[in-house]
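K.L.:
missing the sequence, but the structure's below:
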């Protein structure tokens with residue numbers, strides 16, 4: 001049994017692999033989702049300042065930015081199974097250390113440390129996901145992606161409140177540690193397959209091999225476009241995901257349990273769109289699908305910035321979740337198409353890097369400008385950026401032609 005990333009895509013996916021992968025992604029998403037919501041509420045509970053809140057939000061992604069490319073090379077050398085195992089064990093250990101000190105700066109430090117380990121799990125899962133994405137098609141691809149986000153967005157907020165109510169903030173972090181270890185139950189099934197292995201030359205770990213994805217961005221214009229879209233999607237999503245709870249508590253006077261429901265509501269729509277709208281992309285075409293997603297996010301963010309009552313947050317939250325789901329489906333299918341034309345193991349860490357880079361910017365924007373301009377008001381300029389991107393894609397004929405290309409004939413010739 002050999003690493004899945006070295007296996008050509010020739011045989012149908014086995015039910016054991018599919019079911020195990022779905023369960024693994026749900027549990028992995030649940031662990032990260034609980035950690036995100038718990039950290040946000042805990043930071044408010046210990047009265048962290050706006051600057052500290054922004055830094056903590058940014059710290060959740062800082063390690064992904066620096067480790068994404070090196071982890072991609074490590075996966076090529078050691079395989080997804082070993083890297084995922086190591087990341088799960090070390091991540092569990094670090095989360096168990098969170099309750100040792102009640103201090104915002106200590107929370108910031110531990111959050112940053114964990115972020116350097118998370119890529120080992122995230123990129124391993126993503127490599128497997130992208131490897132099989134073209135075979136699944138857009139409808140099932142959204143379903144697979146929705147499994148991960150189901151745990152992250154839907155189950156995590158409610159489960160976090162339950163853990164806090166039963167065990168308190170400190171001990172709730174031990175539950176996160178356990179969730180990290182639970183994914184190892186399915187790891188051997190998800191990251192290896194009993195089939196013939198294609199022998200490939202494993203590259204030595206070097207600066208050149210680490211920077212290979214960056215070099216690809218320079219020569220691939222469509223990859224630059226998709227990376228920009230992924231960057232801004234994560235920027236907006238991370239800003240909303242971390243600060244909407246703070247905004248609801250500070251600006252609208254909601255209790256933490258009610259504030260978290262705003263996050264849950266967005267998650268329901270986001271995951272629902274992933275599960276149901278993939279097939280619509282094939283009907284409308286990915287260019288129109290992109291335009292719908294970008295314009296929806298733009299209108300939603302501007303709406304969030306001007307809402308004066310908590311009731312008026314909800315229409316924008318629904319539209320925001322819908323737009324993000326559309327962009328997520330479109331981006332992953334575009335990344336998979338580029339991966340078929342190049343090399344999937346190079347595209348996977350690149351995708352894992354540009355997303356967190358946007359997430360870091362979202363946290364830093366809140367930290368630097370939140371106190372001066374107001375966290376809620378900052379939704380407006382973010383929305384305007386998405387409006388500009390909508391017009392850019394509307395006029396980009398080359399990218400439109402790329403989206404119409406059918407690369408399925410390359411599938412049997414490319415190795416993941």
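P.N.:
Done, it's in. Given the structure is predicted, the values throughout are model-derived calculations rather than measurements. Residues are numbered from 1 along each chain as shown.
K.L.:
Can you show me the helices along the stretch 301-416 of the chain?
P.N.:
313-341, 344-373, 379-395, 397-404 (DSSP state H, counting those that start in this stretch).
K.L.:
Report all helices and strands that the shortest one contacts.
P.N.:
In terms of contacts (3 or more C-beta pairs under 8 Å, 6 or more residues apart in numbering; DSSP states H and E), helix 397-404 is packed against helix 221-250, helix 286-306. (Glycine included, C-beta is placed from N, CA and C.)
K.L.:
same check, this time on the third one
P.N.:
Here helix 379-395 touches helix 221-250, helix 286-306, going by 3+ C-beta pairs under 8 Å, 6+ apart.
K.L.:
quick check: angle from the shortest one to helix 379-395?
P.N.:
The reference is to helix 286-306. Helix 286-306 runs at 160 degrees relative to helix 379-395, counting by axes from the mean of the first three to the mean of the last three C-alpha atoms, to 10 degrees.
K.L.:
and the angle for helix 286-306 with helix 313-341?
P.N.:
Using the same axes, to 10 degrees: helix 286-306 against helix 313-341 is 150 degrees.
K.L.:
what do you get for the longest one?
P.N.:
Comparing the axes of helix 221-250 and helix 313-341 via the same axes, to 10 degrees yields an angle of 150 degrees.
K.L.:
after helix 221-250, next one along is what?
P.N.:
Moving toward the C-terminus from helix 221-250, the next helix or strand (DSSP states H and E) is helix 256-276.
K.L.:
Report the distance from that following helix to the chain centre.
P.N.:
15 Å (C-alpha atoms, centre = their mean, to the nearest Å).
K.L.:
In terms of secondary structure, what does it contact?
P.N.:
helix 15-45, helix 118-149, helix 156-182, helix 221-250, helix 313-341.
K.L.:
Give me the mean pLDDT for the shortest one.
P.N.:
Helix 156-182 carries an average pLDDT of 91.
K.L.:
how about it: buried residues?
P.N.:
Residues 156-157, 159-161, 163-164, 169, 172-177, 179-180, 182 are the ones in helix 156-182 that count as buried (16 or more other C-beta atoms under 10 Å).
K.L.:
mind listing what's buried in stretch 84-103?
P.N.:
84-88, 90-92, 94-95, 98-99.
K.L.:
Take the residues you listed and write them to JSON lines, including secondary structure, pLDDT and distance to residue 317.
P.N.:
Shown next, in JSON lines, are those (DSSP: H, G, I helix; E, B strand; the rest coil; pLDDT from 0 to 100; distance: C-beta to C-beta, whole Å):
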{"residue": "84", "secondary structure": "helix", "pLDDT": "93", "distance to residue 317": "33"}
{"residue": "85", "secondary structure": "helix", "pLDDT": "94", "distance to residue 317": "37"}
{"residue": "86", "secondary structure": "helix", "pLDDT": "94", "distance to residue 317": "37"}
{"residue": "87", "secondary structure": "helix", "pLDDT": "94", "distance to residue 317": "32"}
{"residue": "88", "secondary structure": "helix", "pLDDT": "94", "distance to residue 317": "32"}
{"residue": "90", "secondary structure": "helix", "pLDDT": "96", "distance to residue 317": "35"}
{"residue": "91", "secondary structure": "helix", "pLDDT": "94", "distance to residue 317": "30"}
{"residue": "92", "secondary structure": "helix", "pLDDT": "95", "distance to residue 317": "32"}
{"residue": "94", "secondary structure": "helix", "pLDDT": "95", "distance to residue 317": "32"}
{"residue": "95", "secondary structure": "helix", "pLDDT": "94", "distance to residue 317": "29"}
{"residue": "98", "secondary structure": "helix", "pLDDT": "89", "distance to residue 317": "29"}
{"residue": "99", "secondary structure": "helix", "pLDDT": "85", "distance to residue 317": "32"}
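K.L.:
Export the residues you listed as CSV, with columns for distance to residue 392.
P.N.:
CSV is the format used below for these (distance: C-beta to C-beta, whole Å):
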residue, distance to residue 392
84, 37
85, 42
86, 41
87, 36
88, 40
90, 41
91, 38
92, 43
94, 40
95, 40
98, 42
99, 46
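K.L.:
and of these, the nearest to residue 39?
P.N.:
Distance to residue 39 across the buried residues of stretch 84-103 (C-beta to C-beta) is lowest for residue 98, with 8.5 Å.
K.L.:
need the contact list for that closest one.
P.N.:
107, 110, 170, 173 (C-beta atoms under 8 Å, 6 or more residues apart in numbering).
K.L.:
again with residue 261
P.N.:
Counting by C-beta under 8 Å, 6+ apart, the residues that residue 261 touches are residue 157.
K.L.:
Could you measure from it over to residue 84?
P.N.:
Look at residue 261 and residue 84: by C-beta to C-beta, to the nearest Å, they are 33 Å apart.
K.L.:
Also residue 258?
P.N.:
The value you get for residue 258 to residue 84, if C-beta to C-beta is used, is 36 Å.
K.L.:
Touching, residue 221 and residue 398? I think so.
P.N.:
Yes - when contacts are counted by C-beta atoms under 8 Å, residue 221 is listed as touching residue 398 (7.1 Å).
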